[in-house]
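Q: Just to be clear, the model below is a prediction. Sequence and coordinates:
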Amino acid sequence: MPLRVKPGSKVNIGKDFDPRYKPHSLKKKDGVELLQNGIALLADYQRRLAAQDTYGVLVCLQALDAGGKDGVIRHVMSGVNPQGVQVSSFKVPSAEELNHDYLWRYARRLPTRGEIGIFNRSHYEEVLVVRVHPENLDRQKLPEKEKGEGVWDRRYREINNWERYLSDNGFRLVKLFLNISKEEQRTRFLRRIEVPERNWKFSSADVREREHWDDYQHAFSEMLSATSTRWAPWYVIPADRKWFARICAGAVLAHTLIDIDPQYPEVSENIRRELGKVAAELEREAPEGASGDL
Ligand code: AMP
Ligand code: MG
């Protein structure tokens with residue numbers, strides 16, 4: 001099953017993607033090793049990305065509540081140097097944020113070159129929760145004539161253009177939609193209620209949000225159809241099995257880094273000669289009896 005949403009295709013999330021998918025032969029115990037290998041590979045590529053300092057990567061994670069975003073971040077990024085990663089979580093916008101254009105707060109959290117930025121929720125909330133609950137749009141203080149029916153198509157276009165601009169300037173986007181089934185969300189909510197250590201993750205607002213399940217599925221379908229582009233495609237990750245979702249997320253990120261193929265900067269002949277001289281000087285400074293560990 002391809003995870004990538006073909007640019008230009010019309011998606012019906014409920015029909016086209018199975019949240020429970022995994023290859024028949026893949027078992028959870030094999031998955032552990034696969035994920036470990038993926039994590040090691042990511043760590044190596046991230047070092048090269050940082051050393052080359054030319055490309056940046058922005059991972060956008062979207063999912064319904066209990067979709068597994070936090071777990072993906074915790075596991076997939078567990079091997080990388082924290083200095084090279086920046087995670088940003090987006091909540092209900094603040095008064096200051098609402099006083100700006102809607103992409104402002106996301107633009108402020110973009111990764112630098114050499115960095116992997118992770119958006120835990122992203123600018124896509126602006127065509128998801130804001131679309132499902134239009135009172136969010138009212139709070140955004142748009143001019144009257146700009147908030148009619150055309151606003152969603154306009155936002156898709158603006159988001160595509162923004163992402164194209166980023167990608168043309170060396171920032172690759174990895175857009176992951178963690179696709180869980182309604183039944184899986186129900187059991188995860190129940191666990192959050194039953195297991196005391198998980199209570200903090202549960203909010204009764206999440207259950208009210210669940211009542212809008214179909215509206216969200218519709219908004220996801222429209223979003224995936226309109227914003228999976230050549231320069232920033234969407235990947236729909238089967239997310240009912242956490243372990244498989246994490247492997248898929250790691251694989252898509254790894255694939256992007258392999259495609260960038262960042263290289264350690266070459267040191268020129270001149271600089272190499274210079275380094276040789278410095279090493280010789282340091283050697284001469286060695287006290288009597290010091291081990292020569294060059
Ligand atoms: P959580 O990720 O569980 O901490 O919840 C964050 C909450 O912020 C979710 O209920 C989102 O729907 C909400 N949220 C995120 N972005 C926006 C936005 N742009 N407008 C309104 N609500 C948002
Ligand atoms: Mg929540």
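A: The structure has been received and is ready for your questions. Ligands and ions are numbered 1, 2, ... in the order given.

Q: Now do the contacts for R210.
A: Counting by C-beta atoms under 8 Å, 6 or more residues apart in numbering, R210 makes contact with 65, 182, 185-186, 189. Quick note: C-beta positions are derived from backbone N, CA and C, even for glycine.

Q: what residues does the stretch 101-250 of the chain put near ligand 1?
A: 121, 125-126, 129-130, 136 (C-beta under 6 Å from any ligand atom).

Q: Can you check those and name whichever has the most neighbours?
A: E126 (24 neighbours; other C-beta atoms under 10 Å).

Q: Please spell out which residues along stretch 150-166 are buried.
A: Residues of stretch 150-166 classed as buried: 151-152, 155-156, 158-160, 162-163, 166 (neighbour count, 16 or more other C-beta atoms under 10 Å).

Q: Between those, which sits nearest ligand 1?
A: Using C-beta to the nearest ligand atom, R155 is the member of the buried residues of stretch 150-166 that lies nearest ligand 1, at 11.3 Å.

Q: what sits against the closest one?
A: For R155, the contacting residues are 102, 126-127, by C-beta under 8 Å, 6+ apart.

Q: Against Y216, how distant is the residue nearest to N136 when sequence neighbours are not counted?
A: Excluding its sequence neighbours, the residue lying closest to N136 (C-beta to C-beta, 6 or more residues apart in numbering) is V130, at 4.2 Å. The gap separating V130 from Y216 is 12 Å, by C-beta to C-beta, to the nearest Å.

Q: taking the residues of the stretch 101-250 of the chain next to ligand 1 one by one, which sit in helices?
A: Using DSSP state H, the subset of those located in helices is 129-130, 136.

Q: Arrange the residues you listed in a markdown table, one row each, with pLDDT as further columns.
A: Converted to a markdown table, those look like this (pLDDT from 0 to 100):
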| residue | pLDDT |
| --- | --- |
| V129 | 98 |
| V130 | 98 |
| N136 | 97 |
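
Q: List just the nearest of the residues you listed to S88.
A: V129 (16.6 Å; C-beta to C-beta).

Q: ok, the closest one - contacts?
A: By C-beta under 8 Å, 6+ apart, V129 lies in contact with N136.

Q: L176 looks like it's in a strand, true?
A: Yes: according to DSSP: H, G, I helix; E, B strand; the rest coil, the state of L176 is that of a strand.

Q: show me what contacts it?
A: Per C-beta under 8 Å, 6+ apart, neighbours of L176: 59-62, 72, 234-235, 237, 249, 252.

Q: thought L178 was touching D65?
A: No: contact between L178 and D65 fails when scored by C-beta atoms under 8 Å: they sit 11.0 Å apart.

Q: need the helices for the protein, in chain order.
A: 13-16, 28-52, 69-76, 95-98, 104-107, 129-132, 135-139, 151-168, 182-194, 204-210, 213-227, 242-260, 269-284.

Q: Please state the offset of the third one from the chain centre?
A: Meaning helix 69-76. 10 Å (C-alpha atoms, centre = their mean, to the nearest Å).
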